[in-house]
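In: model this:
(2 chains)
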Amino acid sequence: MSLLSKVKEAWVGLRAGRVTLAYPAAPAPAPERFRGRPIFDAAKCIGCAGCANNCPAREILVYDVCQEIRILKYLGRRCTYCGRCADVCPENAITMSREFETATPRIGDLQQRIELFMSTCQRCGRCFDPPSKLDELKLRGYRFDDLENERWIFRSSAYLEGQPVVDDVPLEMD
Amino acid sequence: MLRQLCRKMFGRSLWVYHANSGGCNGCDIEVLNALTPYYDAERFGIKLVGSPRHADVMLCQGPAMRSTARALRRAYEAMPAPKLVFAIGSCACGGGVWHDSYAVLGPVEKIVPVDFYIPGCPPRPEAILYGVALALGLVDKKIVPAEVRAEVLPVPKYHPEDLRREEEVTVYTKAEKF
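Out: Take a look at the predicted model:
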C-alpha cells in the first residue's frame, strides 16, 4: 500500500512538469508594455531640456558649454523608469526600452551623455518667445548643472564656486 | 578579481540577508518573488537567512536614511568577512525619488560599500537573478556607458558680407548693434 502511494506520488510529480523559469540560461524577455531603461537618441534630440525639467528624480543634467554646445547627461542611478521624459519629448528622441538586465558593479555604466550642437538665432543667440507667463516660469534658459558632482542646479546664480549646492547631512557613526 | 574571489569564496552557497533601510516594500516583494519556486533562486544556492551573522550577502533596499543608517552600518559590520553588498532598486542605487528629502541621506553606498547595483523601481525578479548571476560569474555584463557627440554644423555666426579686413584683424562692421 505504501509503495503504491509512493508510485502515485511520483506519477503526480512527473505529470506536474517543470515550473521554474530557466532564466539566466534561457532569455526571458519582458512583456510588451514594460518600461525599462530609457534610450536617448542623439540624432533626434533638439536639446530643449524638457526631459531634464520634468524628471521627478532629477537624473537628467543639462550643461551649456557655450551658446552652441549643450551637454545632456542622463545618470540613471535613481531613475524610476516612469517614462515622463519620453512623454514630454517633442521629437520622440527618448524611447523606453524593454531592457532590464542593467545590473552592474559600477554605477557609472548607466550613464548616457549627449553633446548637442544647438543652432542659434544669428542675431541674438538663443531666441524663444514663451507663450504665456505660466510657461515662462518653467523655462530656465541656460542651465549649468554640475556634471562633475552630478547635481542638478536650480538657478545658475544660486551656485557659487567652491560652495556645496545642497548641504550633505553629516553622518555620525559610533 | 572580484569575480574570482566570489567563485572561490562563495561557490554555490550565497546566504543572503535582506536589509530594508526605509524603502517602500516594492523591492522586498520582488526579492521574495525571486525566491519563489517560479524563479527559484535556490538553484544558485541562495538562501534567505534571518541574521546578518549568518549571511554572506546583504541585499540593501531603500535609501540610506537618517533613522536607519546606523542600524544598516551595524548590520554590515556584523556580517562575517568575505561579504558582498547588493544595492537593489533605484533608492539603494541612487537615493530614490525622495533623494532631496531631509530624512534621506542618499544611496546606501554612503553607509556601506556596495559591490553590485541592480537599478529598477522595483527591479524585475529576473533583473535581481541577473545581478546575482553576474556576481557568480554565470552571465556577462551587458550595460556600457553611452556617449554621443553631435557633429557641429557649419552655421555662420554672422553675415559674412559684413566682415571687413582691417590691419590683420577681421572686423565685423555691424558689431555695435549687439
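
In: contacts and neighbour counts: CA atoms only from here.
Out: Noted.

In: where does chain B have low pLDDT?
Out: Where chain B drops to pLDDT under 70, the residues are B:2-3, B:5-12, B:151-162, B:170-178.

In: what's the longest helix in it?
Out: helix B:125-136 (DSSP state H).

In: give me the neighbour count for residue 67.
Out: I'll assume chain A. 13 (other Cα atoms under 10 Å in any protein chain shown).

In: you looked at the wrong chain, it should be chain B
Out: 13.

In: need phi/psi at the closest residue to residue A:83 other than its chain neighbours.
Out: Closest residue to residue A:83 apart from its sequence neighbours, by Cα to Cα, 6 or more residues apart in numbering or on different chains: residue A:96 at 6.6 Å. Dihedral pair for residue A:96: phi -80, psi 110, per degrees, to the nearest 10.

In: distance of residue A:96 from chain B?
Out: 13 Å (Cα to the nearest Cα, to the nearest Å).

In: next: residue A:75.
Out: Distance from residue A:75 to chain B, by Cα to the nearest Cα: 9 Å.

In: return the residues in contact with the residue lying closest to that residue once chain neighbours are set aside.
Out: Once flanking residues are discounted, residue A:75 sits nearest to residue A:111: 4.5 Å by Cα to Cα, 6+ apart. Neighbouring residues of residue A:111 by Cα atoms under 8 Å, 6 or more residues apart in numbering or on different chains: A:73-76, B:145-146.

In: what is the longest helix of chain B packed up against?
Out: helix B:2-10, helix B:26-34, strand B:116-118 (3 or more Cα pairs under 8 Å, 6 or more residues apart in numbering or on different chains; DSSP states H and E).

In: residue A:118: what's its closest spatial neighbour, skipping adjacent residues?
Out: Residue A:118 sits nearest to residue A:68 (Cα to Cα, 6+ apart), 4.7 Å away.

In: report how many residues lie close to that neighbour.
Out: 17.

In: on that earlier part again, which residues does the following helix or strand past the longest helix of chain B contact?
Out: Note on helix B:125-136: by DSSP states H and E, the next helix or strand toward the C-terminus is strand B:146-149. Residues outside strand B:146-149 that contact it (Cα under 8 Å, 6+ apart) are A:42, A:111-116.

In: redo that, cut-off 6 Å
Out: A:112-115 (Cα atoms under 6 Å, 6 or more residues apart in numbering or on different chains).

In: just the buried residues of it, please?
Out: Neighbour counts over strand B:146-149 (16 or more other Cα atoms under 10 Å in any protein chain shown) mark residue B:148 as buried.

In: give the buried subset of the contacts of residue A:111 as a ChimeraX selection command.
Out: Filtering the contacts of residue A:111 down to the buried ones (16+ other Cα under 10 Å) takes a single ChimeraX command:
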select /A:73,74,75,76
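
In: point out where chain A drops to low pLDDT.
Out: Counting by pLDDT under 70, chain A shows low-confidence ranges at A:1, A:119-142, A:154-174.

In: near chain B, which residues of it?
Out: Residues of chain A lying close to chain B by Cα under 6 Å from any Cα of the partner chain are A:19-21, A:57, A:77-78, A:80, A:100-105, A:109-117, A:122.

In: can you get me a residue count around the nearest residue to residue B:120 once chain neighbours are set aside?
Out: Spatial nearest neighbour of residue B:120, excluding adjacent residues (Cα to Cα, 6+ apart): residue B:89 at 4.9 Å. Counted with other Cα under 10 Å, residues neighbouring residue B:89 total 32.

In: hey, C-alpha coordinates of the lengthiest helix in chain A in PDB?
Out: Ranked by residue count under DSSP H, the longest helix found in chain A is helix A:2-16. Output of helix A:2-16 as PDB, limited to C-alpha atoms (Å, rounded to 0.1, in the frame of the first residue of the first chain):
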ATOM      1  CA  SER A   2       2.700   2.400   1.000                       C
ATOM      2  CA  LEU A   3       4.700   1.500  -2.200                       C
ATOM      3  CA  LEU A   4       1.600   2.200  -4.300                       C
ATOM      4  CA  SER A   5       1.200   5.600  -2.700                       C
ATOM      5  CA  LYS A   6       4.900   6.400  -3.400                       C
ATOM      6  CA  VAL A   7       4.400   5.400  -7.100                       C
ATOM      7  CA  LYS A   8       1.300   7.600  -7.200                       C
ATOM      8  CA  GLU A   9       3.200  10.500  -5.700                       C
ATOM      9  CA  ALA A  10       6.000  10.100  -8.300                       C
ATOM     10  CA  TRP A  11       3.400  10.000 -11.000                       C
ATOM     11  CA  VAL A  12       1.800  13.200  -9.800                       C
ATOM     12  CA  GLY A  13       5.200  14.800  -9.500                       C
ATOM     13  CA  LEU A  14       6.200  13.800 -13.000                       C
ATOM     14  CA  ARG A  15       2.900  14.900 -14.500                       C
ATOM     15  CA  ALA A  16       3.300  18.400 -12.900                       C
END
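
In: nice, that's everything, thank you.
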